[in-house]
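Sharing a model prediction with you, sequence too.
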Amino acid sequence: MSTQAPVVVHPDGELLARATAARFLLALVDAQSVATPVHVALTGGSILVDVLRAVAVDPLRDAVDWTAVHVWWGDERFVPAGHEERNDVDAAEALLDHLPLRPENVHAVPGPDTVADVDAAARAYTEELATHAAPGATVPELAVVLLGMGPDGHVASLFPGRPSLAEESLGALAEPDSPKPPPERVSLTLPTLCSAHQVWLVVSGEGKAPAVAAALAQTSLPEEDGRTGDGESVPAGRVQASGRTLWLVDLAATSALA
Ligand code: 6PG
């Protein structure tokens, strides 16, 4: 249960980003000692971009064989390649452009410049995932998934009260009406996130504190916080990795914990 997931508290957002970067690099080095290639999933959001920037300047980055790392996205905004709102544009600037990754191992979600609509983008991403899955599987085993969390408790592009949360298949789905702009997005499904070996929820700031408390208690946020208030756990509280779920937070994000 995610209620039992460890919560690691760092004093502030900067240390959270640096410590998460070091942890991420160690996890990659460790994963590469037993298997190759290694698949990871990134996401968008302010703290995650800080983490990627910290990875870029961490000396341990050179201990990773980046040519054997596959990069996926937990979610992407359905806007054209190169658009400033895309998560992969932020990730490229912060880190990916500075690493010797193989371009074919960086799995961008198609945008409206290459596919007809957001449903087609989700289907194409599901197919791409299947192409890299082990025999008999439909998605690759993700060694580490980095997730941010919104103040409503959303993760990737899985938002409270949306039908996407009930999706039971492995792969990607289309979110046509996200409450956070831009409205059209592609997200890994909840079962896909939960199939990952490790999922880390990286959360910074007091504005996220009620959602952290709700997720750890596996409850919803009250209506007045703008959410469903339906008693269902916020999406972040439903993520349970196959191996290890870890909350990496700063002190401010814990301010609503009892
Ligand atoms: C997105 C993100 C989203 C993000 C959280 C946290 O595409 O919008 O993937 O899930 O990680 O909203 O973002 P902040 O850290 O900026 O609040």
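Happy to help now that I have it. Residues are numbered from 1 along each chain as shown.

mind listing what the closest residue in space to residue 169 that isn't next to it in sequence touches?
Spatially, and ignoring its direct neighbours in sequence, residue 169 is nearest to residue 189 (6.1 Å; CB to CB, 6 or more residues apart in numbering). Backbone N, C-alpha and C define where each C-beta goes, glycine included. By CB atoms under 8 Å, 6 or more residues apart in numbering, the contact list for residue 189 reads 158, 164, 167, 168, 169, 170, 171, 172, 173.

Beta-bridge partners for residue 144, please?
residue 40, residue 198 (DSSP bridges).

Which of the three states applies to residue 201?
Put simply, residue 201 is strand when judged by DSSP: H, G, I helix; E, B strand; the rest coil.

I'd say it and residue 234 touch.
No. Applying CB atoms under 8 Å as the test, residue 201 and residue 234 come out as separate, 11.1 Å apart.

shared neighbours, the two?
residue 215.

ok so, going back, columns secondary structure and neighbour count on top of the contacts of residue 189, output as JSON lines?
Output for those, formatted as JSON lines (DSSP: H, G, I helix; E, B strand; the rest coil; neighbours: other CB atoms under 10 Å):
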{"residue": "158", "secondary structure": "strand", "neighbour count": "28"}
{"residue": "164", "secondary structure": "helix", "neighbour count": "22"}
{"residue": "167", "secondary structure": "coil", "neighbour count": "18"}
{"residue": "168", "secondary structure": "coil", "neighbour count": "7"}
{"residue": "169", "secondary structure": "coil", "neighbour count": "13"}
{"residue": "170", "secondary structure": "coil", "neighbour count": "19"}
{"residue": "171", "secondary structure": "coil", "neighbour count": "20"}
{"residue": "172", "secondary structure": "strand", "neighbour count": "29"}
{"residue": "173", "secondary structure": "strand", "neighbour count": "28"}
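
could those residues go into TSV alongside distance to residue 72 and pLDDT?
Formatted as TSV, these follow (distance: CB to CB, whole Å; pLDDT from 0 to 100):
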residue	distance to residue 72	pLDDT
158	16	98
164	18	96
167	17	97
168	20	97
169	16	98
170	13	98
171	11	98
172	9	98
173	14	98
